[in-house]
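Undergrad: got a structure for you, letters missing:
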């Protein structure tokens, strides 16, 4: 079979996976981990719709590949996962030129190495491959395991045992817990028998455990009682990194008054917006831009705080760039930046955005 014939019949990622005899399940790994429905996959793959979860102008995909003849057990044990970072165009759709270049590079490898070797080694040295960080990998494996009805790991049992103990004792036993077990607990947040354990952990566990749990919970839809617990902890927390962790865990919550008032309180407490204060602001921009899109006042406070920092507008520029790439936050941001009703400091920061960046101070 000629390479020309193969390429002429491959017009999408789905066609590529069909060619190598694989079924594919897509997960988005951008802002948070979300399973992509088959309908969404068809629509973005064939450019019928924008990519549903854009993050920093790319689609961050985990593609779970399994042979069309594989059983569910084979998928768990032998499935191949590709991590793809594909650029999006100005409309938020897959850049077809880049996608086709990626497909051609894969076909070339498979033609030269054979399908089996080609599949497992296809992304070696590929500019479109990326490696998720340790936390994200743990959460993805936890989600895959749960979706495929696989038993959790031994790390999970250790986490449950630890959190079931008396957490008011001052000891270091939490240091032996594995990130994978914490992620597997978060993935089971919809199971009643684990909800109370997660509530207890958030209120009583060691801060590093709470932080890791919050980072895993950002990929889940939380119950109202659990959201209330996180909001209560956010209101009494003084540590900026922990505040950011609670915000990440809450990032899929609806922006209602129960959440909005504590957010205003938190931002109001950041009087000077020192470097530590950037942690909760960065969490809001990276994980919760939809909140800022819904509430212009929240967006204004953040941009004013950043404009008043004495850092040469570095943080202001970074957060503005982050928000300008989000489909919902983009318009409210530009409406604010073009508004005549801003402080002189914010007006000055906006003018800086449109001028050449001055040389950094040595």
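TA: Arrived safely. Because the structure is a prediction, the values reported are computed rather than measured. Residues are numbered from 1 along each chain as shown.
Undergrad: Show me the shaky parts of the stretch 151-300 of the chain.
TA: Across the stretch 151-300 of the chain, not a single residue meets the criterion (pLDDT under 70).
Undergrad: what about residue 83, which SS state?
TA: Using DSSP: H, G, I helix; E, B strand; the rest coil, the structure places residue 83 in strand.
Undergrad: show me the contacts for it.
TA: Contacts for residue 83 (CB atoms under 8 Å, 6 or more residues apart in numbering) come out as 29, 60, 61, 62, 63, 123, 129, 130, 131, 132. Every residue, glycine included, has its C-beta placed from N, CA and C.
Undergrad: How about stretch 155-166, which residues are buried there?
TA: Under the neighbour-count criterion of 16 or more other CB atoms under 10 Å, stretch 155-166 has 155, 156, 158, 159, 160, 162, 163 buried.
Undergrad: Out of those residues, which comes closest to residue 36?
TA: Nearest to residue 36 among these, counting by CB to CB, is residue 156 at 25.6 Å.
Undergrad: quick one: the closest one from residue 286, how far?
TA: 28 Å (CB to CB, to the nearest Å).
Undergrad: Equivalent analysis for residue 100, please.
TA: Counting by CB to CB, the gap from residue 100 to residue 286 is 30 Å.
Undergrad: Those two: who's more crowded?
TA: More neighbours surround residue 286 than the other of residue 100 and residue 286, with 19 against 15 (other CB atoms under 10 Å).
Undergrad: That one contacts residue 31, doesn't it?
TA: Yes. Contact criterion CB atoms under 8 Å: residue 286 and residue 31 qualify, at 7.2 Å.
Undergrad: Break the protein into its domains for me.
TA: Domain assignment of the chain by automatic domain parsing yields the ranges 3-121, 133-238, 254-362.
Undergrad: How far off centre is the first one?
TA: Between the centre of domain 3-121 and the centre of its chain there are 19 Å (CA atoms, centre = their mean, to the nearest Å).
Undergrad: swap in the last one?
TA: Taking CA atoms, centre = their mean, one finds the center of domain 254-362 at 20 Å from the center of the full chain.
Undergrad: returning to that earlier point: any chance of the buried residues of stretch 155-166 in JSON lines, plus secondary structure and distance to residue 332?
TA: Shown next, in JSON lines, are the buried residues of stretch 155-166 (DSSP: H, G, I helix; E, B strand; the rest coil; distance: CB to CB, whole Å):
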{"residue": "155", "secondary structure": "helix", "distance to residue 332": "42"}
{"residue": "156", "secondary structure": "helix", "distance to residue 332": "41"}
{"residue": "158", "secondary structure": "helix", "distance to residue 332": "45"}
{"residue": "159", "secondary structure": "helix", "distance to residue 332": "40"}
{"residue": "160", "secondary structure": "helix", "distance to residue 332": "43"}
{"residue": "162", "secondary structure": "helix", "distance to residue 332": "43"}
{"residue": "163", "secondary structure": "helix", "distance to residue 332": "40"}
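Undergrad: Throw those into TSV and include distance to residue 328, thanks.
TA: Listed next are the buried residues of stretch 155-166 as TSV, based on distance: CB to CB, whole Å:
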residue	distance to residue 328
155	36
156	35
158	40
159	35
160	38
162	39
163	36
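Undergrad: helix, strand or coil for the residue nearest to residue 155 when sequence neighbours are not counted?
TA: With CB to CB, 6 or more residues apart in numbering as the criterion, residue 155 has its nearest non-adjacent residue at 3.1 Å, and that residue is residue 181. Classification of residue 181 using three-state DSSP returns helix.
Undergrad: I'd say residue 181 and residue 161 touch.
TA: No. Counting by CB under 8 Å, residue 181 stays clear of residue 161, with 9.7 Å between them.
Undergrad: Kindly state the beta-bridge partners for residue 67.
TA: The partner list for residue 67 in beta bridges (DSSP bridges) reads residue 22.
Undergrad: Quick one: neighbours of it, just the number.
TA: With other CB under 10 Å as criterion, residue 67 counts 18.
Undergrad: isn't it right next to residue 21, touching?
TA: Yes. Shown here, residue 67 and residue 21 form a contact pair, counting by CB under 8 Å, at 6.1 Å.
Undergrad: And the strands in this structure, which stretches?
TA: 22-28, 34-35, 58-67, 80-87 (DSSP state E).
Undergrad: Output these in TSV; the columns should cover distance to residue 203.
TA: Output for the strands of the chain, formatted as TSV (distance: least, CB to CB, whole Å):
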stretch	distance to residue 203
strand 22-28	31
strand 34-35	28
strand 58-67	32
strand 80-87	35
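Undergrad: Just name the most buried of those strands.
TA: strand 58-67 (a mean of 21; mean count of other CB atoms under 10 Å).
Undergrad: Give the other helices and strands that it contacts.
TA: In terms of contacts (3 or more CB pairs under 8 Å, 6 or more residues apart in numbering; DSSP states H and E), strand 58-67 is packed against helix 13-19, strand 22-28, helix 72-78, strand 80-87.
Undergrad: at 7 Å what do you get?
TA: Contacts defined by 3 or more CB pairs under 7 Å, 6 or more residues apart in numbering; DSSP states H and E place strand 58-67 against strand 22-28, strand 80-87.
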